[in-house]
Structures are given as structure tokens and as C-alpha cells.
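**Student:** turn this into a structure:
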Amino acid sequence: MRALATALVAVAMLAGCGDNSVAQPAGSIKVVLTEYQFAPSTLTAPSGKVVFFLVNSGTTSHNLIIRDTANRRVKGSDLISAGDSNVFTVDSIAAGTYTIFCDQQGHEASGMKGTLTIT
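**Tutor:** Residues are numbered from 1 along each chain as shown. Model (predicted):
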């Protein structure tokens, strides 16, 4: 009976050892988020569907928001906790130049912004 209890505890502990990271999809654009920058901060992609693989290597939560030249929010990722990764898909985006930024308080002002060019 003690061996069974020990085994169940071990299984429960192993189940909690996973992380919330996901694998990078083929053809996606990898962007690393840290305090307070995107790497790379200049991105280029073809028009249409764009898939981003976002990796938060920072110590606080971040996201990636796309804003057009009229200062309108086009699309935004979920908030990504420190140490996690996320796949962010934009189903359709027209050719043009966009600003990317993190909309957490003070992050954009601290330099967490960049440029997305859709060709």
C-alpha cells in the first residue's frame, strides 16, 4: 500500500513539472519578448495570414499588439507569462507598415515597440 501511495505522489509531482510552452510552428516568425524589447524589433512578412511564435524570456508578462498608421489596434496576442511561449495568428493582414508594441502599463514608453512590414 505504501508503494502505491509513493507512486501516486510521484506521478502527481511529474504532472506538475510541465511548462506552458508550445513548439514553434513551421513557417512562423519567432519573436522574443523581454524587458523592454522585442527581438527582433523589425519584422517583415507577406500579406495574408501571419503566424508569430512569441517567447517571453522576461521576468514579467508581455504581449504583442499590432497598430496601424491611423493608430488603430489591428490585432493583439494574449498576455504571455514570464517563461512561457504562445502562437499568435493573424488570419489576414494587408500590405503596409505597422507598429508592434506591448500594451502593459509603461512597456511601450520604456521601448517595447518595433515595426512590422507586410509586403
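**Student:** apart from its neighbours in sequence, what residue is nearest residue 39?
**Tutor:** Closest residue to residue 39 apart from its sequence neighbours, by CB to CB, 6 or more residues apart in numbering: residue 32 at 4.4 Å. C-betas here are computed from N, CA, C, even on glycine.
**Student:** quick one: contacts for the one you found?
**Tutor:** Residues near residue 32 by CB atoms under 8 Å, 6 or more residues apart in numbering: 38, 39, 55, 56, 57.
**Student:** which among the residues you listed end up buried?
**Tutor:** 38, 55, 56 (16 or more other CB atoms under 10 Å).
**Student:** the first one is in contact with residue 111, isn't it?
**Tutor:** This means residue 38. No. Using CB atoms under 8 Å, residue 38 is not in contact with residue 111, being 9.6 Å away.
**Student:** tell me the SS of the residue nearest to residue 39?
**Tutor:** Following DSSP: H, G, I helix; E, B strand; the rest coil, the label given to residue 32 is strand.
**Student:** so what's it bridging to?
**Tutor:** residue 39, residue 55 (DSSP bridges).
**Student:** which residues in the protein form strands?
**Tutor:** Along the chain, the stretches classed as strands by DSSP state E are 29-34, 37-39, 42-45, 48-56, 65-67, 73-76, 85-93, 96-101, 113-118.
**Student:** can you redo the ones you listed as a markdown table with distance to residue 107?
**Tutor:** Shown next, in a markdown table, are the strands of the chain (distance: least, CB to CB, whole Å):
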| stretch | distance to residue 107 |
| --- | --- |
| strand 29-34 | 9 |
| strand 37-39 | 10 |
| strand 42-45 | 17 |
| strand 48-56 | 12 |
| strand 65-67 | 10 |
| strand 73-76 | 13 |
| strand 85-93 | 16 |
| strand 96-101 | 7 |
| strand 113-118 | 8 |
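**Student:** mean pLDDT and distance to residue 22 for these - can I get that in JSON lines?
**Tutor:** Listed next are the strands of the chain as JSON lines, based on pLDDT from 0 to 100; distance: least, CB to CB, whole Å:
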{"stretch": "strand 29-34", "mean pLDDT": "98", "distance to residue 22": "12"}
{"stretch": "strand 37-39", "mean pLDDT": "98", "distance to residue 22": "19"}
{"stretch": "strand 42-45", "mean pLDDT": "98", "distance to residue 22": "19"}
{"stretch": "strand 48-56", "mean pLDDT": "98", "distance to residue 22": "8"}
{"stretch": "strand 65-67", "mean pLDDT": "98", "distance to residue 22": "20"}
{"stretch": "strand 73-76", "mean pLDDT": "98", "distance to residue 22": "18"}
{"stretch": "strand 85-93", "mean pLDDT": "97", "distance to residue 22": "6"}
{"stretch": "strand 96-101", "mean pLDDT": "98", "distance to residue 22": "20"}
{"stretch": "strand 113-118", "mean pLDDT": "98", "distance to residue 22": "21"}
